[in-house]
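Participant: missing the sequence, but the structure's below:
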C-alpha cells in the first residue's frame, strides 16, 4: 500500500497543476469508491481547489467549502491528464475522474480498497483528529520520542512506526526500512531504547523518508504523470542485507511480517 513518500510525491505533483482550478464535473464507474451517491457527489464537488495537502497516507484537495480525501488503496494511481490530452474513445472509463475548468482531468485508477471521500469541514477535522504526529512534521522531535518511550515503554519499535494514531504516514514497508537504517530491531521495546538510539531513529525517519520522496517513492508506484519511482528497498522484501550482505530474516510481529538483518539490528 502506498505510504508517506508515494503520497507526498503525488501531492507535490498535483499542487502546481490544480490549485486555483475549479472542478466542473465528476464521473465514476466504481460508486463504492466514493462516500456519497454519485449525483450528490457531483453536485457538491464542483468547487475551486484552494490547496493540496497530505494527511498521513491520504492526499487532500482543500476545496472552497469541503475537502476531498484521496486514498490510493493497495496499488492505486492518481493521474493527471493536461488540457488537450488525446484520450481514445476506446479507453475504459476511469474508476474516478474529476474534470477541471481548463480542460484537464484527474483520474484515480486501480482503486482496490482506495477511495475518494468528499467531507465537510467538521468531518474532515474528525478524520484528522484520528491521526498522530506526521512523520515529516517538525513536531516529531527526539524529545517527543523520549516522552513517548516513557509513556509507552512496552510498545515495540515497529508497532510505533505503524500506529497511525501516534505517528502518521508510515506503514509496513517503510517501518522496516527506517528501523534497518537506524540499526534497531523491530521487536525492541521503546523503553529499552537509549537516548542515542532514539536519536538515530529520529534521524532515520527524516533522512529515510526524505530520500524516498526525492526518488519518487517505490518502483511499483507512479507520480501524477505516470512515471514510476526509483526508490529501492534496503531490507524489506529482500533476501540479503544491502548493508552487510547477510541473510535477511522475516519475523512475525503483532500479526504483521517484519524484514530485518540479525547482524545489523541486534
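Facilitator: Perfect, I can see it now. All values derive from a computational prediction rather than experimental measurement. Numbers count the residues shown, from 1 in each chain.
Participant: quick one, strands of the stretch 51-200 of the chain?
Facilitator: Assigned by DSSP state E, counting those that start in this stretch, the stretch 51-200 of the chain shows strands spanning 58-63, 67-71, 77-81, 96-100, 105-109, 115-119, 133-134, 167-168.
Participant: possible to save those as JSON lines with mean pLDDT and distance to residue 261?
Facilitator: Backbone N, C-alpha and C define where each C-beta goes, glycine included. Shown next, in JSON lines, are those (pLDDT from 0 to 100; distance: least, Cβ to Cβ, whole Å):
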{"stretch": "strand 58-63", "mean pLDDT": "98", "distance to residue 261": "32"}
{"stretch": "strand 67-71", "mean pLDDT": "97", "distance to residue 261": "32"}
{"stretch": "strand 77-81", "mean pLDDT": "95", "distance to residue 261": "32"}
{"stretch": "strand 96-100", "mean pLDDT": "94", "distance to residue 261": "40"}
{"stretch": "strand 105-109", "mean pLDDT": "94", "distance to residue 261": "36"}
{"stretch": "strand 115-119", "mean pLDDT": "96", "distance to residue 261": "36"}
{"stretch": "strand 133-134", "mean pLDDT": "98", "distance to residue 261": "28"}
{"stretch": "strand 167-168", "mean pLDDT": "98", "distance to residue 261": "23"}
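Participant: Make a markdown table from the ones you listed and add mean neighbour count and distance to residue 245 to it.
Facilitator: A markdown table is the format used below for those (neighbours: other Cβ atoms under 10 Å; distance: least, Cβ to Cβ, whole Å):
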| stretch | mean neighbour count | distance to residue 245 |
| --- | --- | --- |
| strand 58-63 | 23 | 38 |
| strand 67-71 | 24 | 37 |
| strand 77-81 | 21 | 35 |
| strand 96-100 | 22 | 44 |
| strand 105-109 | 22 | 39 |
| strand 115-119 | 21 | 42 |
| strand 133-134 | 17 | 35 |
| strand 167-168 | 23 | 31 |
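Participant: what's the closest of those to residue 17?
Facilitator: strand 77-81 (5.6 Å; Cβ to Cβ).
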